[in-house]
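S.K.: have a look at this prediction, sequence included:
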Amino acid sequence: MTSTHSPQTHDTIRAVQWHGDHLRLLDQRLLPAEERWLDCHDATAVTQAIKDLAVRGAPAIGIAAAWGVVLAAQQGAALDQALAQLRAARPTAVNLMWALDRMKTRITAGADAAALEREAQAIQDEDLAANRHMGELGAALIAPGSGVMTHCNTGSLATSGYGTALGVIRAGVAAGRIAHVYAGETRPWQQGARLTMWELVRDGIPAKLIADSAASHLMKSGAVKWVIVGADRIAANGDTANKIGTYQLAIAARHHGVKFMVVAPSSTVDMATVSGDDIEIELRDAAELLSVAGRRTVVEGAQAWNPVFDVTPAALIDAIVTERGVIEQPSTERMRAVFAG
Ligand SMILES: CSC[C@H]1O[C@H](OP(=O)(O)O)[C@H](O)[C@@H]1O
């Protein structure tokens with residue numbers, strides 16, 4: 001992988017860029033301090049970028065993996081091996097498996113590299129269209145003048161552009177429905193502090209960063225009407241895996257009468273997984289918890305437990321917003337009504 005700089009127009013961040021024979025990724029480990037691009041020239045480099053969270057966010061890793069398959073096909077590499085290594089990069093976000101299954105179906109049907117390139121482009125384009133549609137659907141649920149809170153990063157950096165939960169926030173602000181945004185810092189990787197605030201400030205959206213531990217206090221104040229989050233895998237009963245800390249936000253929201261919205265495209269819905277109990281939660285290196293910005297903050301010899309997702313039960317979710325429609329008070333029956341096929 002090589003690092004180069006690529007100018008970004010101010011209004012649209014495209015963190016995953018296909019350049020015909022390589023994939024250019026905005027390295028999210030370095031934001032907001034540095035906008036550096038990684039050029040991936042093969043499936044192995046894309047796999048490593050996903051593992052290292054240089055590219056992250058459920059839709060974005062699926063899109064990147066699809067382009068990784070295209071690179072393998074262009075180079076005449078073993079496609080089964082490319083599919084397998086990309087699939088194993090991270091376990092929780094079903095978008096990764098969904099995208100690779102879609103590419104595998106095309107390979108099985110005899111698609112050549114050019115056809116696979118068109119399929120990957122379609123995956124990326126469909127995600128952007130879904131985000132814009134979900135933005136409108138989700139914003140319509142929010143009463144004018146509301147304050148909202150979000151967690152992690154679900155914006156252009158995590159998708160093909162615009163975002164899922166952050167797409168609803170963008171649409172809600174544009175429609176005058178959202179008056180203020182609070183973003184949780186999202187320890188330990190700080191996607192909220194480093195990435196969401198970067199996107200919101202770039203957009204000129206009024207927002208305040210809060211410590212993860214301030215969320216319940218904020219909800220108690222009455223300043224927010226909705227907590228709006230993304231998802232990595234939504235089970236057939238509506239249980240939702242998302243960034244660690246989401247579950248406790250949902251508990252606090254219900255206690256304080258704050259509504260809870262999950263926003264995710266259908267590529268995040270996994271009807272083959274019966275409930276959240278069956279979702280694999282990624283455990284990452286404890287070192288990510290023992291350091292901040294590469295500086296160790298915990299005594300040598302200390303140990304840590306670093307699950308990076310948790311599961312919010314459907315009973316704590318007021319609405320799941322997808323591009324196929326809004327599922328209120330989600331349940332197996334209501335999920336099947338939208339995702340039966
Ligand atoms: C629209 S992104 C969905 C999801 O992905 C993030 O996880 P990570 O930053 O570890 O890839 C986070 O859970 C977002 O809500």
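M.R.: Great, that's in hand.
S.K.: which ones are touching Met219?
M.R.: With contacts defined as Cβ atoms under 8 Å, 6 or more residues apart in numbering, Met219 is in contact with 149, 227, 252-253, 255-256, 258. Every C-beta, even on glycine, is put in place using the N, C-alpha and C of the backbone.
S.K.: what parts of the stretch 201-341 of the chain come near the ligand?
M.R.: 229-232, 242-243, 308 (Cβ under 6 Å from any ligand atom).
S.K.: which one of those sits closest to Gly301?
M.R.: Proximity of those to Gly301, judged by Cβ to Cβ, is greatest for Val308, which lies at 23.1 Å.
S.K.: if you skip the residues just before and after it, what's nearest to Gln329?
M.R.: Distances taken as Cβ to Cβ, 6 or more residues apart in numbering put Asp318 closest to Gln329, at 7.0 Å, once the chain neighbours are dropped.
S.K.: and the residues of the stretch 201-341 of the chain next to the ligand as TSV, adding neighbour count?
M.R.: As requested, these are arranged in TSV below (neighbours: other Cβ atoms under 10 Å):
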residue	neighbour count
Val229	29
Gly230	31
Ala231	28
Asp232	30
Asn242	29
Lys243	26
Val308	21
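S.K.: now, which of the contacts of Met219 sits nearest the ligand?
M.R.: The closest of the contacts of Met219 to the ligand turns out to be Val227 (Cβ to the nearest ligand atom; 12.1 Å).
S.K.: and the closest one, what's its pLDDT?
M.R.: Model confidence at Val227, given as pLDDT, is 99.
S.K.: next one: His256
M.R.: Reading off the model, His256 has pLDDT 98.
S.K.: wait, it touches Lys220, no?
M.R.: Yes: at 5.7 Å, His256 counts as touching Lys220 under the criterion of Cβ atoms under 8 Å.
S.K.: and these two? Which one has more around it.
M.R.: When neighbours are counted by other Cβ atoms under 10 Å, His256 and Lys220 differ, and His256 comes out ahead with 17 against 12.
S.K.: after the top strand by length along the chain, which helix or strand is next?
M.R.: Among the elements of type strand in the chain, defined by DSSP state E, the one spanning the most residues is strand 178-184. Scanning the chain past strand 178-184 towards its C-terminal end, the next helix or strand to appear is helix 191 (assignment: DSSP states H and E).
S.K.: all strands for the stretch 51-200 of the chain, in order.
M.R.: All strands of the stretch 51-200 of the chain, identified by DSSP state E, counting those that start in this stretch, fall at 146-150, 178-184.
S.K.: quickly check: the first one near the ligand or not.
M.R.: No: looking at strand 146-150 against the ligand by Cβ under 6 Å from any ligand atom, there are no contacts, and the closest approach is 9.0 Å.
S.K.: cool, and the longest one?
M.R.: No: among the residues of strand 178-184, none lie within reach of the ligand under Cβ under 6 Å from any ligand atom; the closest is 11.1 Å away.
S.K.: which other residues reach that strand?
M.R.: Outside strand 178-184, the residues within contact range by Cβ under 8 Å, 6+ apart are 139, 142, 145-152, 169, 172-173, 192-193, 196-197, 200, 205-212, 215, 218, 223-224, 245, 249.
S.K.: helices - which of the residues you listed land there?
M.R.: Per DSSP state H, helices hold the following members of these: 139, 169, 172-173, 197, 200, 215, 218, 249.
S.K.: run through the residues that contact the closest residue to Thr332 other than its chain neighbours.
M.R.: Here the nearest residue to Thr332 in space, its sequence neighbours aside, is Asn237; by Cβ to Cβ, 6+ apart that works out to 4.4 Å. With contact taken as Cβ under 8 Å, 6+ apart, Asn237 is in contact with 274-276, 314, 330-332, 335.
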